[in-house]
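Peer 1: turn this into a structure:
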Amino acid sequence: MYNRSAEPLPRDMATPATALHTFRKRSSQCLIQANYINPGRYKAQALFFYTLSEFYRSQDAQIGVSYILGMTIRLAMRMGYHRDSHHYRMLSAWEGEMRRRLWAVLVQLDTLISFQVGVPRTIQPWQYDTELPANLLDADFDEDSAHLPPSRPEDERTASSYTRAKFPIMKVFGQITDLAFSRESSSYDDILEIDRRLQASREMSPLFLQMKPMTRCIADAAEVIMRRYTLELLYQKARIVLHRRYMGETNPKFAYSRSVCLTAARETLRYHAEIWSESMPGGQLYAERYFINSLSNSDFVLSAMILCLEISQDEDRGDAARLSDQERADFVVLLETTHRIFLESQHHSIDMQRAVTALTIMLSRVKNSKVQHPHANTDQMMTIDSKVELCPSHLAVLTVSSDFTPPQSNSQPELDQQHLQRYPAVAEMQTSMHIAGETPAPNSLGVIGDMLNLPAQLDWVRTLTLRLGTWKLILHIALVRQSHLRDRNGHE
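Peer 2: Numbers count the residues shown, from 1 in each chain. This is a model prediction of the structure:
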């Protein structure tokens, strides 16, 4: 966190970057020398901390983090963390509670990170019976405690309150992600039942962690406010993932799903703007300004994509358009705000650089007007009509026409190269994306165009997000539809 903030560490420590590098290097050496794949005291905790150090190194999604987390989970299972500590008489009350705390976090991170990188979660509910950590203060027990004291009331804030409040929502979200990866389709009645359980899980949070306007949070701690946002954003993401496959349906039966999806995307971007504003110097969330990470960035980009898709599809409906002028205007304002925030944060993330480019193109198409380009001077603007011209740093000129073909160059933009030098793990990830002799799959615009025209018959949002990344999906939506619609009456 010090490294991300550019703040100095205490005097007796090195610079944040040096300290971080030393920690990662020495901890990995210790894990290897201790043969970390075999059970041993504190090995699961040590490997978990190393996993977190990799996760926080970058604000980009990294598949490698899910691999390391998977090893941590397997090690924890071999050490019996997936069984509640009451099964093991040799464990003290303190050790049992610490095991519950670690397992609860592993279960939640497994679902979140697995979904982010596009793989099924490792831990299934039937595999464990470990109870949630008790709602206790750290001062309530210690290593010498013979028994744990009774759990405190749920509306009393403790070290475990957030984990306990998050668990019911995560439990339903895990079921939703299982559906997203399943080859078997579910009935709409099943979807609505899961939706009801999701709403009920949200209401189970204690009052001090339930969402309320910032105007009513003046006396609240920044940490508590940020955790409210985290729980609410998780809930909204779950709604989007559950209902998005029905967005393109014209049958009134599925109107509820479309409404939920759009509302969740709108609320997510509105919360994004609030968090960004309050994280500025003098804001209530300035102390928690490092909240944004790769998980939240993915959620914001996904929500922006949902709104862009709806506006784009609504243009084709003519008199049957489902968006009112006011709704469309509100969505555009939200997208513009999101675009400005991405502009401000793009130097922290390659994914954000790409999201900026994609949103620039989408907004230009949606508004049919000029949008400030991220790397242009204040006097330079970009207009998209029949040609999209990106600035030199993107090393590409994309011509939108019926015979458009994405550039085949594997070269990275100049800004990306600077970022890769700062984050070597990202460089490894980017390099692994290009395999010599293999034809990139995203270049088949005809297939993508068919998906756009038949959204009800394929969960194309999920499929393409896994294959292209959300930023590429937004870009392809803009480019394909602009050329595809122009040729609809021609040689389609």
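
Peer 1: which helix or strand contains the nearest residue to I68 once chain neighbours are set aside?
Peer 2: Spatial nearest neighbour of I68, excluding adjacent residues (CB to CB, 6 or more residues apart in numbering): T51 at 4.7 Å. C-betas here are computed from N, CA, C, even on glycine. Assigned by DSSP states H and E, T51 belongs to helix 43-55.

Peer 1: packing partners for that helix?
Peer 2: helix 16-33, helix 63-78, helix 93-117 (3 or more CB pairs under 8 Å, 6 or more residues apart in numbering; DSSP states H and E).

Peer 1: so which of these gets nearest M305?
Peer 2: helix 93-117 (14.8 Å; CB to CB).

Peer 1: what comes up buried for that closest one?
Peer 2: For helix 93-117, a neighbour-count test (16 or more other CB atoms under 10 Å) marks 93-94, 96-100, 102-104, 106-117 as buried.

Peer 1: and that helix, what does it pack onto?
Peer 2: helix 43-55, helix 63-78, helix 161-181, helix 294-315.

Peer 1: and among those helices, the most buried is which?
Peer 2: The highest mean neighbour count among those, using mean count of other CB atoms under 10 Å, belongs to helix 294-315: a mean of 22.

Peer 1: what stretches of this structure score poorly on pLDDT?
Peer 2: Across the chain, residues meeting the criterion (pLDDT under 70) sit at 5-6, 315-321, 367-492.

Peer 1: please enumerate the strands of it.
Peer 2: 387-389, 397-399 (DSSP state E).

Peer 1: most remote residue from the chain's center?
Peer 2: A146 (41.3 Å; CA atoms, centre = their mean).

Peer 1: residues contacting A44?
Peer 2: 72, 75-76, 79, 81, 102 (CB atoms under 8 Å, 6 or more residues apart in numbering).

Peer 1: and the residue farthest from the centre of the chain, how close does it get to T130?
Peer 2: With the distance defined as CB to CB, to the nearest Å, A146 ends up 21 Å from T130.

Peer 1: now do the buried residues in stretch 133-146.
Peer 2: In stretch 133-146, the ones that count as buried by 16+ other CB under 10 Å are 133-136, 140-141.

Peer 1: and the helices in the stretch 251-400 of the chain?
Peer 2: 255-278, 294-315, 325-345, 350-367 (DSSP state H, counting those that start in this stretch).

Peer 1: before we move on, the earlier item: between the helices and strands packed on helix 43-55, which one is nearest to S151?
Peer 2: So among those, helix 93-117 is nearest, using CB to CB, at 10.6 Å.

Peer 1: next one: stretch 158-176 to chain centre, how far?
Peer 2: 16 Å (CA atoms, centre = their mean, to the nearest Å).

Peer 1: distance of the nearest residue to Q210 once chain neighbours are set aside relative to I169?
Peer 2: Leaving aside its sequence neighbours, Q210 sits nearest to R228 (CB to CB, 6+ apart; 6.9 Å). Look at R228 and I169: by CB to CB, they are 12 Å apart.

Peer 1: okay, now P150: neighbour count?
Peer 2: 10 (other CB atoms under 10 Å).

Peer 1: let me redo that: T130
Peer 2: T130, neighbours per other CB under 10 Å, totals 23.

Peer 1: likewise for D220?
Peer 2: D220: 14 neighbours (other CB under 10 Å).

Peer 1: residues in contact with K166?
Peer 2: Contacts of K166 (CB under 8 Å, 6+ apart): 108, 230-231, 234.

Peer 1: whoops, D299 was the one
Peer 2: 233, 236-237, 268.

Peer 1: from the contacts of A44, pick the one nearest P153.
Peer 2: Nearest to P153 out of the contacts of A44 is L102 (CB to CB; 24.2 Å).
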